[in-house]
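Enquirer: Quick one: sequence and predicted model below, then my questions.
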Amino acid sequence: MSTARRGHSPQENGVGGHGEDGREEGEEEDGEEGEGEDELEEEPRLKYQRLGGSVPAIVSTDAAAAIAVADRMVALGTHSGTLHILDFQGNQVKEIAAHTATINDISFDADGEYIGSCSDDGTAVISSLFTDEKLKFEYHRPMKAIALDPDYYWNYRRFATGGLAGQVLVLTKKTWGGGYHKKVLRDGEGPIHSMKWRTDLLAWANDAGVKVHDMKMDKGIAFIERPKGIPRPEFLLPQLVWQGDTVLVIGWGTSVKIAAIRTDSSQGLNGIQRSITTASYEKYVDIVGSFQTGYHISGIAPFGDLLVVLAYIPEEDKQNHFSNSVPSRQGTAQRPEIHLVSWKDDELTTDALPIHGYEHYKAKDYALAHAPFSGSSNAGGQWAAGDEPLYYIVSPKDIVVAKPRDAEDHISWLLQHGWHEKALAAVEEGQGRTELLDEVGLRYLDHLIIERKYAEAARLCPKLLRGSPSAWERWVFHFAHLRQLAVLVPYIPTENPQLSDTAYEVALVALTTNPSFHELLLMTVKKWPPALYSALPVISAIEPQLNSSSMTDSLKEALAELYVINHQYDKALSLYAELLKPEVFEFIEKHNLHDAIHDKVVNLMTLDSKRTVNLLIQHRDIIPPNEVIEELLHTSKSRKKKHLLHLYLHALFETDMNAGKDFHDMQVELYADYEPRMLLPFLCTSQHYRLDKVIILKKIFHSLTSEILGNDMWLFQAYEIFAQKELLREQVFVLGRMGNAKDALSTIINKLEDIQEAVEFVMEQHDDELWEELIRQCLQKPEMVGMLLEHTVGNLDPLYIVSLVPDGLEIPRLQDRLVKIVTDYRTETSLRHGCNDILKADCVNLLVKYYHKARRGVYMANMDEEDISVIVFYCCHSYHLSCLEVGLDLMKSNSSSQDSDEGSEDDDGIPSGESRMRCVLCTTAAA
């Protein structure tokens, strides 16, 4: 997979490059912008930083030539022959004056205690990093490669060198006598250009190719030919690097080969085998990967299961061919690039490096070294903290350190490319520091605001701002400034955190400005606790809109809610009534607002006439009926007005007949229109309609005057109403009130055909002539004669009615009715006799009782003289108590008619055992 080249500005200790590098990088990006528009940009796997510390000072007076990295330090060799020992930050720890010419190669032992270097001055120097020990070996020819045995100290300080002499020379310190034992592994195949030692395996490259030698068995195990068509080694050096103990990666020219060192088999997996022997127990090399690049390889290193390749883009790349000659022009070289590729040449990322002075460098001027690592980390670039591999890209005047990008780098890259949502998700998954959540969140919000995605920004605020009151308030005011506060209001917290009252007031006021926000304003006012804000600023913002076209029902209701919060209940009631809110009745009762509903009767009646009428009737002492009726009369809907009037006056009449007496004449028409069945009971019950007031059919009789009709005008009008509406019984009542009893009787007989009602009507009139009229009109209808005979028993003599019946008139069921009349008459006669007997007996009993009561005296005490008391009898005789007692005792002694039985009663009906007082005079006279 290939990607467009992207320029990443390396930073020096966190500070980006300066001067022409930054300018040229921008120019190149501008030129390539069009190429990468349609390609999905891959996220880089590495990040870059210029090595600082002592390095800038070193390269300012010298030029870097070679580099090697150990577990704890970095060794930098220069063109002057000096070896600088640096820590990983670039600070110089030690300086070794090793050579007098350019250092071509550097090698550490496995423990990082010894370092070897070779130079064009024909010498190789091995120095101890922690002692003053230093060994120098003269070869008299430029030396190009050196490799210390990983166990240098324990393996008799063994090391290997190679140079223009073409010998691979291994030196081992003698166990006795001092000096070194020399052994030539290979000779006569051209200069040695590169050399790497891993465990027991030593690999080197010369003009013929790459050879691998088993130092333990002292046998060569493989030879890999030099790729064809690549530049000569003096222009482009071969790159060797061990990936673990058994994989050798070879980058030479434009060719990459991965060689696996295997045992226990005589045949390679892919059929490519370079083995010295076929013995199964011996080692052999299997080429497990091989591909060609479109660039020159200036360095190569492992990256987990991938490869990091330092690429040099030759001038002839535009013509798609390579040259073995030195470029003809100087100052036109392209930037070196870092390619991250798989063993199958799948290119994951490509990063162009703005190395200082890259325009003047050739491929061999660059070097790539990496810090040793286990190689077990996965290809995704996820490394344990502190375990990340480091890659040092060296040029004569610059050193750039590359290392895998961590979670924070990933988040930063997402933010730079506008993928804020992915960056936020990464932070929420625990990638990077927790403090990044605030930073990423704010940048995400800023991005959404710039993109005008206000609703999405508002939705994320609770998650991003969390419990920070200051952050919330800052964004509330920011949204208000953008006139987009409506989308944020549903997410503004009311607790944990609680914001300042100003923030809440600003939010509510913002919702009053647009009718589309009014519904949200209402919901918010109902939802937010009133203690959070002052209602006055919001009320002041709404009140000017009351009579404007922008006023909506939701805004009115919100204003009512705010009035309630501000304890302005009367104003809230006006709005609730206008909005016809069902809960207005509970609101009136709760806040005792009965005296505030005078001008709201129509609205309340429209909302719920039954509840309103009950409320008005119950509190008629506060809301007088005349005020209610006046308001109902002035409503704009005449039909609705009359109906509401009827409901109210009807309920008022049923509750208190006298409360609405001034409007009873109005009720006649209202009953006729809406409830005719109640009209007659009303006319019969009410005594308060005025005969001299014209109120009923003003439209019909508007041309008549009260002077013509007098006090009976309303009766004529009422009769006309009832006639129009065919209210027969009401016509009878009015005719009766008018004195036209005969017409009323005729209506009952001819239209109602109710003889019983006719009889009752005649009885109420107490007019004998009306009886004659009743008989006369009934004689015209035979059926009526029979019915009259049934209902007039006790009122008229049936014989008189029969005598008036014309001869030959057939009366239906006459025999049965006559039998019934005779039976009823006998029953009535018997009842009368029985009643007379009972009446007589009751009269006697009552007279006896009265007699006995009258004989008793009334005791009257003297308040002034307590010893003088008087007894008064109903016979008008009176005695002193003492005198009466003496007289009664004397009468008792002379009486010979005493009863022998104490329980018997005397003629007075009083038990003999009780004390009795009688008038002496009356008793004596009776005796």
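Expert: Structure's in. What do you need? Quick caveat: nothing in here was measured; it's all calculated off a predicted structure.

Enquirer: The helix or strand where D889 lies: how far from the chain's middle?
Expert: Assessed by DSSP states H and E, D889 sits inside helix 881-894. Its chain's average C-alpha position is 108 Å from that of helix 881-894, according to CA atoms, centre = their mean, to the nearest Å.

Enquirer: which helices and strands sit right next to it?
Expert: Counting contacts by 3 or more CB pairs under 8 Å, 6 or more residues apart in numbering; DSSP states H and E, helix 881-894 packs against strand 869-873, helix 920-926. (C-beta placed from N, C-alpha, C; glycine too.)

Enquirer: ranking these by mean pLDDT, which is last?
Expert: Lowest mean pLDDT within the helices and strands packed on helix 881-894: helix 920-926, a mean of 68.

Enquirer: Name the stretch among the helices and strands packed on helix 881-894 that sits most buried.
Expert: When those are scored by mean count of other CB atoms under 10 Å, the highest mean neighbour count falls to strand 869-873 (a mean of 17).

Enquirer: Mind putting the helices and strands packed on helix 881-894 into TSV with distance to D346?
Expert: Compiled in TSV, these are given as follows (distance: least, CB to CB, whole Å):
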stretch	distance to D346
strand 869-873	142
helix 920-926	150
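
Enquirer: F223: which of those is closest?
Expert: strand 869-873 (165.7 Å; CB to CB).

Enquirer: what residues does the closest one touch?
Expert: Identification of contacts with strand 869-873 by CB atoms under 8 Å, 6 or more residues apart in numbering yields 854-862, 878-881, 884, 917, 919, 922.

Enquirer: now, which of these lie within helices?
Expert: In helices, defined here by DSSP state H, the members of these are A854, R855, L881, L884, C922.

Enquirer: can you pull up the bridge partners for the closest residue to the third one other than its chain neighbours?
Expert: The shortest distance from L881 to any residue other than its chain neighbours is 4.2 Å, reached at S869 (CB to CB, 6 or more residues apart in numbering). Assessed by DSSP bridges, S869 has beta-bridge partners A861.

Enquirer: what comes up buried for the helix holding D889?
Expert: Within helix 881-894, the residues that count as buried by 16 or more other CB atoms under 10 Å are L881, L884, G887, L888.

Enquirer: Next: stretch 139-159.
Expert: Within stretch 139-159, the residues that count as buried by 16+ other CB under 10 Å are 139, 142-150, 152, 155, 157-159.

Enquirer: which pair in those spans the largest distance?
Expert: P142 and N155 (26.7 Å).

Enquirer: Where does the residue nearest to Y358 when sequence neighbours are not counted fall, secondary structure wise?
Expert: In space, and not counting its chain neighbours, Y358 is closest to R335: 5.2 Å by CB to CB, 6+ apart. If you go by DSSP H and E, R335 is not part of any helix or strand.

Enquirer: again with G418
Expert: Applying DSSP H and E, one finds G418 in no helix or strand.

Enquirer: number of nearby residues for it?
Expert: The number of residues packed near G418 is 12, by other CB atoms under 10 Å.

Enquirer: can you check N547 too?
Expert: By other CB under 10 Å, neighbour count at N547 equals 7.

Enquirer: now it: how far from L83?
Expert: 92 Å (CB to CB, to the nearest Å).

Enquirer: The helix holding D889 to strand 869-873, inter-axis angle?
Expert: Counting by axes from the mean of the first three to the mean of the last three CA atoms, to 10 degrees, helix 881-894 lies at 60 degrees to strand 869-873.

Enquirer: so where's the stretch 251-400 of the chain uncertain?
Expert: For the stretch 251-400 of the chain, the stretches with pLDDT under 70 are 264-281, 316-331, 373-386.

Enquirer: can you rerun that using 90?
Expert: The model of the stretch 251-400 of the chain has pLDDT under 90 over residues 263-284, 303-305, 314-333, 344-349, 354, 356-357, 371-389.

Enquirer: what are the ranges of the helices in it?
Expert: Counting by DSSP state H, counting those that start in this stretch, no segments of the stretch 251-400 of the chain form helices.
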